[in-house]
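structure, please.
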Amino acid sequence: MAVCTFFGHHDCPSSVKPRLQTILIDLIENSGVDTFYVGNQGTFDAIVRTVLSELKQIYPHIHYTIVLAYMPQHNSTLGKAYEANTILPEGIENVPRRYAIVWRNKWMLRLAEYVVAYVLYSVGGAAQFVEMAHKRRKKVIKLTEPNKEALVSRLIVDYLVTTDTVVLPPMVESIVLQNVLQWLHSENTTIRWNATRILMTLSRNQENRSIVNRQLVSLVDTDNVYIKNLIIRQIHNIEGIDDETKNHIMSKCKQDANYVVTGFGKFVNHEECGSFEGYDESNSFVPPAERVASGRANPERIVYLYAAKEIITAIGETRPRIYDHISVAKIQLQKEVRLANLATTEESDIFGLDRAKIDRIERAFSRPCREVIDYVPTQYIAEYIKSLGYDGITFRSSFVPGGTNVTIFNPQVAKAIASAPYKMDSITYRARRIFPLRDIDAFDIIATNRDVEY
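Predicted coordinates:
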């Protein structure tokens, strides 16, 4: 048995259907693929589902499953024919809704050996998962052939950004500039991205600066957020940009609805940033009750506030992967609260129990759980602590050594007052060999990706 999954841009022309059929037939007949996982967002997923349904009539041994990110609604667009073929991945009920699609896609990628992709440009979720598939050594089959203009423009970018002083010979520069002016109008975002990068380097030649200024103004007026963000990040590093162009670009980016452009625009313009540079206030706090799954302390649909005393602990508790973006909120208490401190090393009289028994209770709160039913014991304990008049509990993090988690039973006593985005630069792993007990040169006692002192 071999497994295949799919990633593609939300918008996809129906013209890809014949090539998709050819690829899938080849996978079924020549590679032994008989299991397919597909999502249910966008035109590309819809085309894949249609093709798989047709191929099922020819190859009855194959199985295809529509993997949902959310519980289907009554007005679901899947239709009756697909209902029997849908699943919700185990564990997704514990994932915040905003992360559900990413979590679902990672689940499909983990199971697959083959990935069929419709990716035209190097930005967006589909492109990120195709890149992830390559890193995980999956066999990626693209529905689109490599674009020659994208390859050529990328080679030019790589050459021009090697140093700040690289200048093309006059004849070559003239040809490159003519092509750049055409590439800036391409439907392919990657080509426009590369063309914009080239355009900014061509301002090193004074003769090109008036053209560069005009084109940058046009791009920031008309292009998408990826191009705008590229310009705003580089605006103060581009030679020959006049003040009028710079002021126009900055004023446009201040009005942009996308927080990445808005926040960074304020930063580079030395303005005071707003309180919420990550998620906004509502998304930085607790979700509505109808979206709350069972948690370590709360039953389903009962809203508790889960927080941490340290920023890195809050990040670690989301279990991020390398290069993930995380929005961290600052929570302010509106009144004094009484917390049952399970994390203290001192004797505790919360239950009239000695420290050893309290430690066992704390370990139950700290231990990662894989099944919803595993939360039931700690939910009972939390309810008992609540009945004793406590407003919440603190306990040690199992993901961040030295970190402390805080759970507040009544979120109304707190509010989110600010947020900031973070990006995961690295993740440290450390494992201790448990068998065999004797020394073996081929296997270290401690395996880690970071030098540590013991």
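
how about the strands in the stretch 201-350 of the chain?
For the stretch 201-350 of the chain, the strands defined by DSSP state E, counting those that start in this stretch occupy 305-308, 325-333, 339-341.

so after the shortest one, what's the next helix or strand?
Past strand 339-341, heading to the C-terminal end, the next element that is a helix or strand (DSSP states H and E) is helix 355-366.

in that following helix, what's buried?
Across helix 355-366, burial judged by 16 or more other Cβ atoms under 10 Å covers 358, 361, 362, 364, 365, 366. The way it works is simple: take the backbone N, C-alpha and C, and place the C-beta from them, glycine included.

quick check: bridge partners of the nearest residue to residue 134 once chain neighbours are set aside?
Distance criterion Cβ to Cβ, 6 or more residues apart in numbering; nearest residue to residue 134, sequence neighbours excluded, is residue 140 at 6.0 Å. Taking DSSP bridges as the rule, residue 140 bridges to residue 115.

so which helix or strand takes in the closest residue to residue 12 other than its chain neighbours?
In space, and not counting its chain neighbours, residue 12 is closest to residue 44: 3.8 Å by Cβ to Cβ, 6+ apart. Here residue 44 is covered by helix 42-58, with elements defined by DSSP H and E.

what sits up against that helix?
6, 8-12, 14, 16-17, 20-21, 24-25, 28, 36, 38-40, 62, 64, 66, 81-82, 116, 118, 126 (Cβ atoms under 8 Å, 6 or more residues apart in numbering).

try 6 Å this time
Contacts with helix 42-58, where a contact means Cβ atoms under 6 Å, 6 or more residues apart in numbering, come from 6, 8, 10-12, 17, 20-21, 24, 36, 38-39, 64, 118.

about what we covered before: so the residue nearest to residue 134 touches residue 114, yeah?
No. Counting by Cβ atoms under 6 Å, residue 140 stays clear of residue 114, with 7.9 Å between them.

who's more crowded, the two?
For residue 140 and residue 114, the more surrounded residue by other Cβ atoms under 10 Å is residue 114, and the numbers stand at 20 against 16.

I'd say that one and residue 3 touch.
No. If you go by Cβ under 6 Å, residue 114 and residue 3 don't touch, sitting 7.2 Å apart.

now do the contacts for residue 307.
With the criterion set at Cβ under 6 Å, 6+ apart, residue 307 makes contact with 331, 406.

look up how far residue 285 lies from the residue nearest to residue 134.
39 Å (Cβ to Cβ, to the nearest Å).

that older thread, give the PyMOL command for selecting the buried subset of the contacts of helix 42-58.
A single PyMOL command selects the buried members of these (16+ other Cβ under 10 Å):
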select buried, resi 6+8+12+17+20+24+36+38+39+64+118
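
return the subset of the contacts of helix 42-58 lying in helices.
Among these, the members found in helices (DSSP state H) are 17, 20, 21, 24.

strands of the stretch 51-200 of the chain, residue ranges please.
Counting by DSSP E, counting those that start in this stretch, the strands of the stretch 51-200 of the chain are 63-67, 86-87, 114-118, 139-142.

what comes up buried for stretch 128-146?
128, 129, 130, 132, 133, 138, 140, 141, 142, 143.

leaving out chain neighbours, which residue sits closest to the last one?
It refers to residue 143. Nearest to residue 143 is residue 118, by Cβ to Cβ, 6+ apart, at 4.5 Å.

so the one you found makes contact with residue 141?
No. Under the criterion of Cβ under 6 Å, residue 118 makes no contact with residue 141, lying 10.3 Å away.

which residues touch residue 68?
86, 88.

from residue 112, how far out is it?
Look at residue 68 and residue 112: by Cβ to Cβ, they are 17 Å apart.

for the protein, just list every one of the helices.
Taking DSSP H as the test, the helices found in the chain are 17-30, 42-58, 100-111, 125-135, 148-160, 170-183, 189-202, 209-222, 225-234, 243-255, 259-268, 311-316, 355-366, 376-387.

need the winner for burial among the ones you listed.
helix 189-202 (a mean of 23; mean count of other Cβ atoms under 10 Å).

can I get that one in CSV, CA atoms only?
Once non-C-alpha atoms are left out, helix 189-202 reads as follows in CSV (Å, rounded to 0.1, in the frame of the first residue of the first chain):
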residue,chain,number,x,y,z
THR,A,189,3.7,36.2,-8.2
THR,A,190,7.1,34.6,-8.0
ILE,A,191,8.2,36.3,-11.3
ARG,A,192,6.8,39.7,-10.0
TRP,A,193,8.7,39.2,-6.7
ASN,A,194,11.9,38.5,-8.5
ALA,A,195,11.4,41.4,-10.8
THR,A,196,10.8,43.7,-7.9
ARG,A,197,14.1,42.5,-6.2
ILE,A,198,16.0,43.2,-9.5
LEU,A,199,14.3,46.6,-9.9
MET,A,200,15.5,47.7,-6.5
THR,A,201,19.1,46.7,-7.3
LEU,A,202,19.1,48.5,-10.6
